[in-house]
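Undergrad: okay, predicted coordinates and the sequence, questions at the end:
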Amino acid sequence: MIFFPPCALASISALITATAPPLNASVTFGVLSAPSFPPCTLGNKTSELSAGLEAVFSKLTPNASLPLKNSSNFYSYFTLMGTYYADTPLELLPSVTLVFSPAGASIEVLPSFNKSLGVVSAKEAAFSAVVAPGGPASARISCPPTGPSPCGVLSQSSDGFVLDGLSIRGCGGGCGSAVHVRGSPYATGGEVAGCVIADSPARAVWTEACSGILVHGNTINNTGAHTIDMDAYSSNVVVFNNSVAYSAEEAVFIEQGAQNVVVVDNDLGPGNKDGVGVYNNAFPKPTSNHVIARNRIWGSTACGISTGSGPHHALAETVGVIVAGNQLWDNNGTGLRTNGNQMGSLFVANADADGVAPWTVAGSVGAKNVSFTDPQDRVRLSG
């Protein structure tokens with residue numbers, strides 16, 4: 001049973017008489033308020049915020065018209081200020097087109113939190129958003145150095161989901177990523193932008209079974225796995241204008257049946273294992289038709305850009321990758337590298353200052369129709 005203090009009952013009873021969006025409410029240091037309604041104290045835990053959000057917004061009649069981004073006439077807003085503690089997920093509602101807006105808010109994860117979940121969670125909540133108007137300096141989610149490390153933000157089958165402007169620190173170990181955008185079975189449209197993500201024990205941004213995702217303008221440091229990972233049939237994803245340093249694996253990783261991924265104008269370095277990796281292991285569908293262009297990649301401990309596939313499935317290969325106009329330097333002696341099963345890759349006009357051996361297709365096991373059209377492209381190929 002959900003418990004509310006007496007003042008909340010009066011306020012919520014009045015608020016839910018408005019049944020058409022938009023409906024805007026705010027919680028400031030635990031106190032719920034909305035225009036023309038008396039304030040009331042909910043508390044400083046996410047379970048209490050979720051209960052208030054459910055009571056306030058669940059009676060809204062969904063708006064059936066096509067949403068316009070940042071349209072105050074379409075979205076309802078739930079604004080949060082102050083310091084709060086995550087004991088359960090703060091769930092966005094599937095029936096409401098809602099913007100959760102932490103405007104000067106801090107959410108700290110408690111030891112009791114289920115590490116496999118998300119601190120802020122959108123499940124089948126189409127066109128919902130988490131947007132911090134003051135940017136990462138004003139809104140953060142923090143997971144403790146010791147204790148549970150859930151997703152900071154988890155989006156499941158939420159078409160058109162937007163995340164913009166959060167700081168997320170120390171999260172992602174328990175669920176695999178600080179930010180996880182996935183379909184169950186599929187999601188279309190989405191954006192992860194303007195965030196600062198640091199110290200994730202696993203990935204920073206992970207997409208699975210989704211299409212039409214933009215990942216841009218993020219600053220990401222010190223992750224324990226692939227930092228920006230397009231996985232499991234991700235398609236039509238554009239990764240641009242991100243800064244990634246000190247990734248234990250690839251700064252940008254394209255894998256396992258991903259299609260039509262564009263990686264452009266990113267700053268990847270220093271301290272990443274690889275700058276960009278394209279790989280397929282056990283999926284029967286090739287990873288194919290990717291463009292890696294105009295990135296600045298330096299200081300990788302292994303390779304600047306590596307393309308290829310493993311031998312674990314007859315069809316597990318990389319097909320049709322264009323690598324063009326990238327600048328690479330100080331990448332442990334290997335700027336461009338092909339590896340294993342791939343077909344139809346094209347390397348052109350990359351400025352590779354690492355001084356590796358001149359390119360040759362000899363010695364590249366499983367590589368077919370790999371072209372290097374500029375003598376300035378120098379590549380190490382291996383099986």
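TA: Structure received.
Undergrad: residue 276 is in contact with residue 249, isn't it?
TA: No. Look at residue 276 against residue 249 with Cβ atoms under 8 Å: they stay out of range, at 11.4 Å. The way it works is simple: take the backbone N, C-alpha and C, and place the C-beta from them, glycine included.
Undergrad: neighbour count winner among the two?
TA: Legend: neighbour count by other Cβ atoms under 10 Å for residue 276 and residue 249, higher for residue 276 (30 against 18).
Undergrad: wasn't the more buried one part of a strand?
TA: Yes. Counting by DSSP: H, G, I helix; E, B strand; the rest coil, residue 276 is part of a strand.
Undergrad: contacts only, for it.
TA: 250-254, 263, 268, 292, 295, 297, 304-306 (Cβ atoms under 8 Å, 6 or more residues apart in numbering).
Undergrad: which members of those residues occur in strands, if any?
TA: Of the contacts of residue 276, the ones assigned to strands by DSSP state E are 250-254, 263, 268, 292, 297, 304-306.
Undergrad: could you identify the longest strand within this protein?
TA: strand 177-193.
Undergrad: show me what it is packed up against.
TA: strand 151-156, strand 161-164, strand 203-216 (3 or more Cβ pairs under 8 Å, 6 or more residues apart in numbering; DSSP states H and E).
Undergrad: let's have those in JSON lines, adding mean pLDDT and mean neighbour count.
TA: Shown next, in JSON lines, are the helices and strands packed on strand 177-193 (pLDDT from 0 to 100; neighbours: other Cβ atoms under 10 Å):
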{"stretch": "strand 151-156", "mean pLDDT": "98", "mean neighbour count": "28"}
{"stretch": "strand 161-164", "mean pLDDT": "96", "mean neighbour count": "24"}
{"stretch": "strand 203-216", "mean pLDDT": "97", "mean neighbour count": "24"}
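Undergrad: please name whichever of these is nearest to residue 132.
TA: strand 161-164 (6.9 Å; Cβ to Cβ).
Undergrad: circling back to that earlier point, I'd like the helices and strands packed on strand 177-193 as JSON lines, with distance to residue 328 appended.
TA: Shown next, in JSON lines, are the helices and strands packed on strand 177-193 (distance: least, Cβ to Cβ, whole Å):
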{"stretch": "strand 151-156", "distance to residue 328": "31"}
{"stretch": "strand 161-164", "distance to residue 328": "30"}
{"stretch": "strand 203-216", "distance to residue 328": "21"}
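Undergrad: please, where are all the helices along the protein?
TA: 6-15, 46-57 (DSSP state H).
Undergrad: can you flag the weakest of the ones you listed by average pLDDT?
TA: Mean pLDDT is lowest for helix 6-15 out of these, coming in at a mean of 54.
Undergrad: what's the spacing between residue 249 and residue 223?
TA: 8 Å (Cβ to Cβ, to the nearest Å).
Undergrad: was I right to think residue 225 contacts residue 202?
TA: Yes. Counting by Cβ under 8 Å, residue 225 touches residue 202, with 4.7 Å between them.
Undergrad: what residues do the two have in common as contacts?
TA: With Cβ under 8 Å, 6+ apart as the test, residue 225 and residue 202 both reach residue 176.
Undergrad: which one's more surrounded, the two?
TA: residue 202 (24 against 21).
Undergrad: per-residue pLDDT of that one, please?
TA: 98.
Undergrad: give the contact list for it.
TA: 149, 172-173, 175-178, 223-225.
Undergrad: out of these, who's the most crowded?
TA: residue 178 (36 neighbours).
Undergrad: got the contact list for the nearest residue to that residue once chain neighbours are set aside?
TA: Once flanking residues are discounted, residue 178 sits nearest to residue 172: 3.9 Å by Cβ to Cβ, 6 or more residues apart in numbering. Under the criterion of Cβ under 8 Å, 6+ apart, the neighbours of residue 172 are 143, 149-152, 178-180, 200-204, 223.
Undergrad: wait, which of those residues is closest to residue 287?
TA: Nearest member of the contacts of residue 172 to residue 287, counting by Cβ to Cβ, is residue 203, at 17.2 Å.
Undergrad: any idea how far the nearest residue to the closest one once chain neighbours are set aside lies from residue 155?
TA: Sequence neighbours aside, residue 177 is the residue nearest to residue 203 in space, at 3.8 Å (criterion: Cβ to Cβ, 6+ apart). Distance, residue 177 to residue 155, by Cβ to Cβ: 11 Å.
Undergrad: cool, residue 298 as well?
TA: 32 Å.
Undergrad: then residue 328?
TA: For residue 328, the distance to residue 155 - Cβ to Cβ - is 33 Å.
Undergrad: does residue 98 touch residue 126 like I think?
TA: No. Using Cβ under 8 Å, residue 98 is not in contact with residue 126, being 10.4 Å away.
Undergrad: comparing those two, which residue is more hemmed in?
TA: Comparing residue 98 with residue 126 by other Cβ under 10 Å, the one with more neighbours is residue 98, at 25 against 19.
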